[in-house]
Structure formats: C-alpha cells, structure tokens
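[1] Got a sequence here, can you build the structure:
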Amino acid sequence: MVWVEWIGVTRAYRRRRVATDLLRALLKRARRRGGHKAWCDSRVNNAESVPMLRKLGFKPLCAVKNHWYGHDFYLWEKKL
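    Below you'll find the model as predicted:
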C-alpha cells in the first residue's frame, strides 16, 4: 500500500498539471512494484486537491471532522 503524504507545487508552476503528473508517476511506479492501493488525505475545503484526486480515480472513504489543527479532512483511496 502507498500513502501519499504531501504534494506541493510552487506558486509559479501551479495550474500546469505538475501535481497531477507527479501523482500519476507515483501511482504507475507503485503498481509496477506490486502496490494494490493508494491512500491520502486532503482538507475538505481544498479546492485544488479534491477535484484532482477525483479526476485521478481516488474515492473518498470518509470525512474526519476536527482532525489536524481543527480542520476537516477527507480520507481518500484508489485501488491500483
């Protein structure tokens, strides 16, 4: 199983599919190495990450209320 911890893209390179391409490469490599599932989390109100994760085939497993520093998060899963 793969846990995607953080993806950050400097402001000058946002909206150029850098994060999407990085995640696709990671998922492809994970599959080649025998991974069967990827998990990650995102803040519920993260307007960039939520649509990107959905587009890449991640499904929300649950919402975790008042989680890290009082923020609400989604826990996501993608079967590889």
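
[2] List the residues that contact the nearest residue to residue 61 once chain neighbours are set aside.
    Using Cβ to Cβ, 6 or more residues apart in numbering and skipping residues adjacent in sequence, the residue nearest residue 61 is residue 75, 4.6 Å away. In short, each C-beta sits where N, CA and C put it, glycine included. Contact analysis of residue 75 by Cβ atoms under 8 Å, 6 or more residues apart in numbering lists 39-41, 60-64.

[3] Where does residue 75 sit: helix, strand or coil?
    With DSSP: H, G, I helix; E, B strand; the rest coil as the basis, residue 75 sits in strand.

[4] And the strands in the protein?
    2-4, 37-43, 59-64, 73-79 (DSSP state E).

[5] Return the set of buried residues in the first one.
    To tie it back to what came earlier, the one meant is strand 2-4. Going by neighbour count (16 or more other Cβ atoms under 10 Å), the buried part of strand 2-4 is 2, 4.

[6] mind checking how far it is from the chain centre?
    Chain-centre distance of strand 2-4: 8 Å, with Cα atoms, centre = their mean, to the nearest Å.

[7] who does that strand touch, helix- and strand-wise?
    helix 18-32, strand 37-43 (3 or more Cβ pairs under 8 Å, 6 or more residues apart in numbering; DSSP states H and E).

[8] Show me the contact partners of that strand.
    Here strand 2-4 has contacts from 23, 26-27, 30, 35, 37-40, 80, using Cβ under 8 Å, 6+ apart.

[9] That one pairs with which strands, parallel or anti?
    strand 37-43 (parallel) (DSSP bridges).

[10] And the pLDDT at the residue nearest to residue 61?
    Per-residue pLDDT puts residue 75 at 98.

[11] Could you do residue 78 as well?
    For residue 78, the model assigns a pLDDT of 98.

[12] Could you double-check that it sits in contact with residue 38?
    Yes: if you go by Cβ atoms under 8 Å, residue 78 and residue 38 touch, sitting 4.6 Å apart.

[13] Which residues are in contact with each of those two?
    27, 58.
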